[in-house]
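Chemist: I'd like to go over a predicted model; first the sequence, then the structure.
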Amino acid sequence: MMTVGGAHAFGYAASDTDYDLRGIHVLPIDIALGIHEDQFTVSVREQISRLEVDLLTYDIKRYLTLIMEENSFVVEFLYAPPVAMDADIITELKAVCKKSVTRNHAYNYINYAKKQWKLVEKFFPYSVKPFLNSFRILLTGLNLMQTAEVELHLPSLAEKYNLPYLNDVVEEMELKGKTAYLDNDDRNFYQTKFEAFLEQLENARYRSPLSTEPSGKNEMNDLLVRIRKSYGRS
């Protein structure tokens, strides 16, 4: 399975936006059973023309282990635009992974959003990309806590939460790419909004319909064994 992540999945890619490819691979059984773990995670970064391509894939077992560890980053792989995938396997993966999404995923989104906002404040003029990342992360997390559904597309989230000003920044990003910046007035205005949504996300965790502990481990194990047997033969 391979999907396109980053700004291309989030709805604010520009002509100079690098490509983030995210996926799941299946190691041959003889390698998967061995002690060498270097192939359980594959990470490659290459420059192609003027753009950078960042590839990250996990072996199916490593991927499912991260899901059980309540890692929101890898959950998003399943909801990004597809490059190549087995539709039936993706449907099954979504079903078992959904049982492992909990209220605790809010912490992932809160911490990641704070890190992105620090990047906004680190340099002046303030870069638009980490700003958009900050709000995308907060709104994806908030939507997840409220509905138990994963939505990555920022313009869709901005419409849902009635935040038309975010679309103005998205348009700026699409037009100017890496040279899009915020001024001091923009930064002060949006910081107030950022802090308000951060508080909303923290509160939403306590009222979320999601469970407090991941489940579906047996179903996940059965799916892993079946995938390994079907796709992992040497």
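Modeler: Everything's here; your move. Numbering: from 1, shown residues only.

Chemist: only C-alpha atoms from now on, for both contacts and neighbour counts.
Modeler: Will do.

Chemist: go ahead and confirm residue 180 touches residue 171.
Modeler: No - between residue 180 and residue 171 there is no contact under C-alpha atoms under 8 Å: 9.8 Å.

Chemist: between the two, which has more neighbouring residues?
Modeler: residue 180 (18 against 15; other C-alpha atoms under 10 Å).

Chemist: which ones are touching the more buried one?
Modeler: Counting by C-alpha atoms under 8 Å, 6 or more residues apart in numbering, residue 180 makes contact with 127-129, 172-173.

Chemist: can you check the pLDDT for it?
Modeler: The per-residue pLDDT reported for residue 180 equals 85.

Chemist: next up, phi/psi of it, please.
Modeler: phi -80, psi 130 (degrees, to the nearest 10).

Chemist: which elements pack onto the longest helix anywhere in the chain?
Modeler: Longest helix in the chain, counting residues (DSSP state H): helix 184-207. For helix 184-207, the elements it packs on are helix 105-122, helix 128-147, judged by 3 or more C-alpha pairs under 8 Å, 6 or more residues apart in numbering; DSSP states H and E.

Chemist: coming back round to it: wait, which of the contacts of residue 180 is closest to residue 14?
Modeler: residue 173 (6.4 Å; C-alpha to C-alpha).

Chemist: that closest one: neighbouring residues, count only.
Modeler: 23.

Chemist: and it, what element?
Modeler: helix 164-176 (DSSP states H and E).

Chemist: out of the helices and strands packed on helix 184-207, which is the most enclosed?
Modeler: A comparison of these by mean neighbour count, using mean count of other C-alpha atoms under 10 Å, puts helix 128-147 on top with a mean of 23.

Chemist: now that helix: mean pLDDT?
Modeler: 95.

Chemist: so what touches the helix or strand containing residue 88?
Modeler: Using DSSP H and E, residue 88 sits within helix 87-98. For helix 87-98, the external contacting residues (C-alpha under 8 Å, 6+ apart) are 64, 67, 75, 78, 216, 219-220, 223.

Chemist: quickly name whichever of those residues is closest to residue 230.
Modeler: Among the contacts of helix 87-98, and counting by C-alpha to C-alpha, the member closest to residue 230 is residue 223, at 10.5 Å.

Chemist: can you give me the pLDDT of the closest one?
Modeler: 92.

Chemist: domain parsing for this protein?
Modeler: Using automatic domain parsing, the domain parsing of the chain gives 2-101+215-231, 105-207.
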